[in-house]
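>>> coords please:
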Amino acid sequence: MKFIEIKNCYKIYKNGVSAIADLNLEIKKGEFVFVIGPTASGKSTFIKMLYREEKPTKGEVIVGGINVAKLRNSKVYKLRRKLGVVFQDFKLLPKLTVYENVSFGLESLGIKNEEIKPKVFKALEKVGLKDKYRSFPDQLSGGEQQRVCIARAIVNGPKLLICDEPTGNLDPDTSKEIMKVIEKINQEGTTVVMATHDRDIVNRMKKRVIVIDNGVLTGDYEKGGYKVHESN
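Have a look, this model is predicted:
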């Protein structure tokens, strides 16, 4: 069953830079997909289009039945409810506790407090941080902070988890632990799309690998490894 469809998609920025060129792609519900490519290849633009941080200049981006390209700004929240995003730089609110960081998004959606509490603790339990709910971000390691980000991304039970270089600031051992958490979430039925430069993770996990280079899809491997022309 198709969950993401990219049809004849182009993204040209106002300065004339072409980030995506005639991209056509399908991702099935429940798949785990790595998106790789050289620096400035267009993979971050592709990722941002999935959660409507960027809009395509031309073409269609369909996520969970919603045509993101035609989505009005006032309706973006409908898309965001279907997905969670994990960033490289954590983006945690430093003056809020772990619990408050994870619950923040639910509160902004107007969900009742009695519904929020079990959701937050369930998410924290999944990432192994239930006992740290009162801690502040600066009291946590980098790996623990990224786990909080994952908990925040999955707290509302999203159909899609988008990860943009989630291990970029972490050491190899911590990266492995983070990937175990993300893989477990995928095994529970959540579609995962992850942009990464981490060669070891891609080679070890043997998931579907999509290669974007100069805005063009140059490779799509069912159980691939890291295949990027580093000279680019």
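>>> switch to C-alpha atoms for all contacts and neighbour counts from now on
Noted.
>>> give the bridge partners for the residue nearest to the spatial centre of the chain, please.
Taking CA atoms, centre = their mean, the centroid of the chain lies closest to Ile162, which sits 1.5 Å from it. On the basis of DSSP bridges, Ile162 is bridged to Val85, Val193.
>>> quick one: it and Val192 touch, right?
Yes: the pair Ile162 and Val192 passes the contact test of CA atoms under 8 Å, sitting 6.0 Å apart.
>>> buried ones in the worst-scoring helix or strand of the chain on mean pLDDT, by neighbour count?
Within the chain, no helix or strand scores below helix 76-80, which has a mean of 83 by mean pLDDT, DSSP states H and E. Of all the residues in helix 76-80, those buried under the rule 16 or more other CA atoms under 10 Å are Leu79.
>>> report all helices and strands that that helix contacts.
Packed against helix 76-80, as judged by 3 or more CA pairs under 8 Å, 6 or more residues apart in numbering; DSSP states H and E, are no other helices or strands.
>>> quick one: distance of it to the chain centre.
Helix 76-80 sits 15 Å away from the centroid of its parent chain (CA atoms, centre = their mean, to the nearest Å).
>>> and the longest helix anywhere in the chain, which residues are buried?
The residue-count maximum for a helix in the chain (DSSP state H) belongs to helix 172-187. Buried residues in helix 172-187, defined by neighbour count with 16+ other CA under 10 Å: 174-176, 178, 181-182, 185-186.
>>> now the two most distant members of the residues you listed.
Distances among the buried residues of helix 172-187 were taken as CA to CA; the most separated pair is Thr174 and Asn186, at 18.7 Å.
>>> could you list the low-pLDDT ranges of the protein?
228-232 (pLDDT under 70).
>>> which stretches in it count as helices?
Going by DSSP H, the chain shows helices at 43-50, 76-80, 98-108, 113-126, 142-154, 172-187, 199-205.
>>> so of these, which one's packed in deepest?
Of all the helices of the chain, helix 142-154 has the most neighbours on average by mean count of other CA atoms under 10 Å, namely a mean of 25.
>>> and that helix, how far out from the chain middle?
12 Å.
>>> next: stretch 110-126.
21 Å.
>>> equivalent analysis for stretch 97-112, please.
Remark: stretch 97-112 is offset 19 Å from the chain centroid, using CA atoms, centre = their mean.
>>> could you do stretch 14-23 as well?
21 Å.
>>> any residues touching that stretch, and which ones?
Outside stretch 14-23, the residues that touch it by CA atoms under 8 Å, 6 or more residues apart in numbering are 6-13, 41-42, 45-46, 214-217.
>>> which one in this protein is furthest away from the centre?
The chain, CA atoms, centre = their mean, max distance from centroid: Glu114 (27.7 Å).
>>> phi and psi next, for Gly189.
phi 110, psi 0 (degrees, to the nearest 10).
>>> contacts only, for Ile62.
3-6, 68-69 are the contacts of Ile62 under CA under 8 Å, 6+ apart.
>>> quick revisit: which one of the contacts of stretch 14-23 is nearest Glu54?
Thr45 (7.0 Å).
>>> and the closest one, what does it touch?
Here Thr45 is in contact with 19-20, 54 (criterion: CA under 8 Å, 6+ apart).
>>> much appreciated, bye for now.
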